[in-house]
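# A structural model of the following input is requested.
(chains A, B, C and D)
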4 protein chains.
Amino acid sequence: MPVPVLDHGVVPPLCTPLTPERELDVPSLERLTGFLLDAGVHGLFVTGSTGEVAYLPDDLRHRALDVVVRCAAGQVPVLAGIVDTTTPRVLAHAHAAETHGAQALVATAPFYAPTAPSEFPTHFRAIRAAVDLPLIAYDIPGSVHAKLPAEVLAGLAQDGTLDGLKDSSGDLDGLRTVLESVGTPHFRVFTGSETMADIAMFLGAHGLVPGLGNVDPHGYVRLYEAARRGDWKAAATEQRRLRELWRMITVGGGRIGPYASAIGAFKYALVARGVLAHGTTSLPMAPLHGTEQAAVRELLAAAGLSQT
Amino acid sequence: MPVPVLDHGVVPPLCTPLTPERELDVPSLERLTGFLLDAGVHGLFVTGSTGEVAYLPDDLRHRALDVVVRCAAGQVPVLAGIVDTTTPRVLAHAHAAETHGAQALVATAPFYAPTAPSEFPTHFRAIRAAVDLPLIAYDIPGSVHAKLPAEVLAGLAQDGTLDGLKDSSGDLDGLRTVLESVGTPHFRVFTGSETMADIAMFLGAHGLVPGLGNVDPHGYVRLYEAARRGDWKAAATEQRRLRELWRMITVGGGRIGPYASAIGAFKYALVARGVLAHGTTSLPMAPLHGTEQAAVRELLAAAGLSQT
Amino acid sequence: MPVPVLDHGVVPPLCTPLTPERELDVPSLERLTGFLLDAGVHGLFVTGSTGEVAYLPDDLRHRALDVVVRCAAGQVPVLAGIVDTTTPRVLAHAHAAETHGAQALVATAPFYAPTAPSEFPTHFRAIRAAVDLPLIAYDIPGSVHAKLPAEVLAGLAQDGTLDGLKDSSGDLDGLRTVLESVGTPHFRVFTGSETMADIAMFLGAHGLVPGLGNVDPHGYVRLYEAARRGDWKAAATEQRRLRELWRMITVGGGRIGPYASAIGAFKYALVARGVLAHGTTSLPMAPLHGTEQAAVRELLAAAGLSQT
Amino acid sequence: MPVPVLDHGVVPPLCTPLTPERELDVPSLERLTGFLLDAGVHGLFVTGSTGEVAYLPDDLRHRALDVVVRCAAGQVPVLAGIVDTTTPRVLAHAHAAETHGAQALVATAPFYAPTAPSEFPTHFRAIRAAVDLPLIAYDIPGSVHAKLPAEVLAGLAQDGTLDGLKDSSGDLDGLRTVLESVGTPHFRVFTGSETMADIAMFLGAHGLVPGLGNVDPHGYVRLYEAARRGDWKAAATEQRRLRELWRMITVGGGRIGPYASAIGAFKYALVARGVLAHGTTSLPMAPLHGTEQAAVRELLAAAGLSQT
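Sure, this is the predicted structure:
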């Protein structure tokens, strides 16, 4: 029986565990995958921004995907981020992701190279034409420095290029416009927001791709299920607890970069929870200090999460 | 006798000629290299932003470098852009560039991944430690969305990590601060500005890396030589002519993206001048229309440049 | 019996009607005030951004406030925008607004003069100390180019400087943080969003300040009342209709400035609805063309609003 | 004999001295005016950004202008900044400035109100039509958050609306484009840059409006005169000394706002030089601390400037 294309649900963007030598930590990645599946997630997103995709050499991307595809074993779909600067380089990742078992692809607009919105359709169409897998547009202006316009998304949904959107823009008004304007039944919208996930669901989003879902997948599954049954009060209560937990991303303060702080906190929290063996992050990110690690543990405790 | 490390002069960032099928057009790249050497340039910069580095798959980057290294044959140094998102991915390009004969490396700060200036030294030091070639920092905030601070550059010059700067920031005040503050004799500063090259030289820059230098290398060599002998009036006169020629980058108007317009104009101008066989650009860039091509030809004529 | 300080509800930022000679159109302003009161609004906000405050000479600001205070006749509170570049100039407006009968003041952070968030408390405290009226902070980064941080707002709420916030930032995540962190019972939060008003209410906002509420106050009162009774589905349905109506702000396309288009559309819609005599806007805004006016009328019709 | 319209030279934007009670300090302003005239400046610019125009109530603006016009006594022209949000408010300042003796007006594009470049001509034409004084456009994107396009300036120069430009954009390439494209002999271009004044002159600017010229007018007059006689080496040497002195603007570090630091440093330096009685700045700017004042004194000493 074929694995169904991702329809809705919680799809965490997996952290990519590294050994102290910054090689892929396969046992930790196996444990993380199992931890997420046990929590009831509906899909797995490999090599997303939370997975340090921008830091991973090609072979490390491929091996991470191999591990997760093997562990998922068809229980839930596995999506792969094919993040690179422009179309020709993204195409190489698309072919590789297909080869390594991805069931859907997630691609941003071009970056580094100055690109106008009028060039976005050519980009996404070339990807869709090259590899016959569902394609999800990844709107992440904080990294790409451009926003995917709702009318571009609508056009690419209607001509069958795009199967969905992962919205990490933080622009809920724009998300609502996409939901109102796409008008094709197959198009799926996922929010990348950890902190406004209940609102995205209220607006009609089909699912969540929360980086913090590595740390507390059970919480996001509860939030999602409350939202699905229309219990907005319960969803908001869960969201409020997760908003407090989210504060871990700032433990590094101004001492280290903001992304180093966020990814370092997620990975250390997974160490504290007994899932990862190491909190190692990619270069040039600096590691968390002891007091910063203690702050992560305090937030985990305040959120009622078990630690080893 | 070993090829000297690049000291000063005009170092065009070579366009990467493509066939209509978007494969590397080797004969055109050979002609372009010869055209530039004949004009008296002092170095060759392969896989820079003008070379569509962000669009080139790895193997195409390598083959372009092979061709130029072979054609240069030790007459002038060949620099390679090792442009990618973060340290681990840049390291892979650094090793490959060394293997393929580059004599110096040019690297930007990390991009896509949000990175603080405090993380830049780790990035550049890791590259310098991995590959024993001169390293030039590439400051291009329009693509990277961060500026290399003068104090970071000064520190990395003083500890021997950096041998120079390619400044494509457009910030001449900042360039002056770098020139005033670096204080190590070996550090070399090159401007990426096509339109303020005379001013950069007046401020003390050692050389030029002008994308428009593909089209009119003789002009930039004249400008450079006038500046070297302190004839600022002659340099400014040459600069003014080149500023008019520079207007070719806008021939695409708002019809196509601004970078598609600029690269398309450079490549078409090289077709018009008999150097390239095709004006093909990478996806998702759209080609120039006939009227836009005619506008390029008019600007070439106005600048007194020969055409076929 | 004293007029109560504004507690919650719909508080439209009134358009400032002008004659063709760009003098205050008093009869039109009287009609507009009556139109809003008849619709059941809970307060009136004079000289806000929608009221062209940045375009109005001082005396015109004062006369507009006089008219609305007189027409309101104590039925609902009248708030006055005291918008100017920095503290000393804002203080002059604060005194004048008190003299002309305002019952609460609405002030932005400083603008034009580069000002750090650490300087915002001094600004708001000086205003509150000078004039004994409730003070509402106006967060409008699109005009001020700075965001009021949640922690600054929380501090100024707790020390009694601020009585509330008008949030025109579009940042619903930040709005939620303010609502979670302020922690003083008297602090009131109003959203300036026309298009996400239901969500702001769901997050705990106390009221709405919608510019589009000039055109369809009945709609915003219905949305508000649905939200107050927790009927989020009804609120969202009303919101969806108002989102369609909101599209009038773009009728000017790129022909005229975006603000000229928006204010021109509001004023022309009020002409079409028989409330204003003229659609005149302040210099340098250009007027709507006939086809643009027709587009406004079509949107009014589609929204089920009566026209003359 | 009539005072000539400003043609070229050094035109400092005068600080506005305040008493500890933040009233106009008339004797200090008289001394400052005399200090500048003695140094040989060619014009005086009152109520510019350095003059805290955005902080001054109307009456204080008028009295400052009165004092400077009286002290200048026709020896050099007096320009007045008429800085406010939009056309109608700027017009009020224009009329007042004429009444109080200004011989030319300096106006920015609209701010706070979102305004498109296509609306700028209407703005400047309305000012020019209302008051028959030379009008200079003030390009200061750091405060206005929009850049005056070269083609707009060229159009307004050619139709006689504008007599000149004060360029505080920091964009020397853009400045060069203006100088190349305006093409009317009467149009005068002044740079607001303290740190690239020699370059602006090299590019063809007619004069300087340096805020730091309050502190060291003799230095800027020397720089200007060297530039006028084409001695670019001498101009650059003077510029380098002034660049060191310019570092005073950062003495407040992150403790206070950047503008508070800059204006506080200028005013304290003038106290140290015996020109002003007080270093008081407007609200909400915080004053310099003792160690910050000492740093200003050290920079004055290093620049070879006399102190009391």
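# Where do the strands of the stretch 201-308 of chain A begin and end?
Along the stretch 201-308 of chain A, counting by DSSP state E, counting those that start in this stretch, strands occupy A:207-208.
# Close to chain C: what parts of it are there?
A:202, A:203, A:232, A:236, A:240, A:243 (C-beta under 8 Å from any C-beta of the partner chain). C-beta coordinates here come from the backbone N, C-alpha and C atoms, glycine included.
# Give me the buried subset of these.
Neighbour counting by 16 or more other C-beta atoms under 10 Å in any protein chain shown classes A:202, A:203, A:232, A:236, A:243 among those as buried.
# Test my guess that the third one contacts residue A:203.
No. No contact is recorded between residue A:232 and residue A:203 when judged using C-beta atoms under 8 Å, the distance being 11.4 Å.
# circling back: in CSV, list the residues of the stretch 201-308 of chain A next to chain C along with pLDDT.
Rendered in CSV, the data for those read as follows (pLDDT from 0 to 100):
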residue, pLDDT
A:202, 98
A:203, 98
A:232, 96
A:236, 98
A:240, 98
A:243, 98
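# Nearest to chain D, out of the residues you listed: which one, please.
Closest approach to chain D among these (C-beta to the nearest C-beta): residue A:203, at 26.4 Å.
# out of everything not next to it in sequence, what's closest to that closest one?
Closest residue to residue A:203 apart from its sequence neighbours, by C-beta to C-beta, 6 or more residues apart in numbering or on different chains: residue A:176 at 5.0 Å.
# Could you list which of the residues of the stretch 201-308 of chain A next to chain C belong to helices?
Applying DSSP state H to these, the entries found in helices are A:202, A:232, A:236, A:240, A:243.
# give me the subset of these touching chain D.
Near chain D, judged by C-beta under 8 Å from any C-beta, there are no entries from these.
# Distance to residue C:81 added to those residues, as a markdown table?
What follows is those, written out as a markdown table (distance: C-beta to C-beta, whole Å):
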| residue | distance to residue C:81 |
| --- | --- |
| A:202 | 32 |
| A:232 | 34 |
| A:236 | 32 |
| A:240 | 33 |
| A:243 | 32 |
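# Get me the contact residues on the stretch 1-150 of chain A for chain B.
A:22, A:49, A:52, A:54-58, A:60, A:83, A:85-89, A:91-92, A:110-116, A:118-120, A:122-123, A:126, A:142-145.
# Buried among those? Need that as a selection in PyMOL.
Of those, the buried ones can be selected in PyMOL as follows, counting by 16+ other C-beta under 10 Å:
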select buried, chain A and resi 22+49+52+54+55+56+60+83+85+86+87+88+89+91+92+110+111+112+113+114+115+116+118+119+120+122+123+126+143+144+145
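# Which of the residues of the stretch 1-150 of chain A next to chain B fall within helices?
Per DSSP H, the residues of the stretch 1-150 of chain A next to chain B map to helices at A:58, A:60, A:87-89, A:91-92, A:120, A:122-123, A:126, A:142-144.
# Widest-spaced pair of these?
Farthest-apart pair in those is A:60 and A:122; separation 29.4 Å (C-beta to C-beta).
# okay, now the residue nearest to residue A:203: neighbour count?
Counted by other C-beta atoms under 10 Å in any protein chain shown, the residues lying close to residue A:176 total 24.
# just residue A:267 next, same as before
Neighbours of residue A:267 under the rule other C-beta under 10 Å: 28.
# Just the pLDDT at it, thanks.
The model reports residue A:267 with a pLDDT of 98.
# so how far is chain B from it?
Residue A:267 sits 15 Å away from chain B when distances are taken as C-beta to the nearest C-beta, to the nearest Å.
# And for that residue, nearest residue in space, chain neighbours not counted?
The nearest residue in space to residue A:267 (C-beta to C-beta, 6+ apart) is residue A:279, at 4.3 Å.
# Residue A:140 now?
residue A:168 (4.2 Å).
# contacting residues for the one you found?
A:49, A:138, A:139, A:140, A:142, A:191, A:192, A:193, A:209 (C-beta atoms under 8 Å, 6 or more residues apart in numbering or on different chains).
# hang on, residue A:137 is in a strand, isn't it?
Yes. Judged by DSSP: H, G, I helix; E, B strand; the rest coil, residue A:137 forms part of a strand.
# hey, what's it bridged with?
Here residue A:137 sits in beta bridges with residue A:107, residue A:165, going by DSSP bridges.
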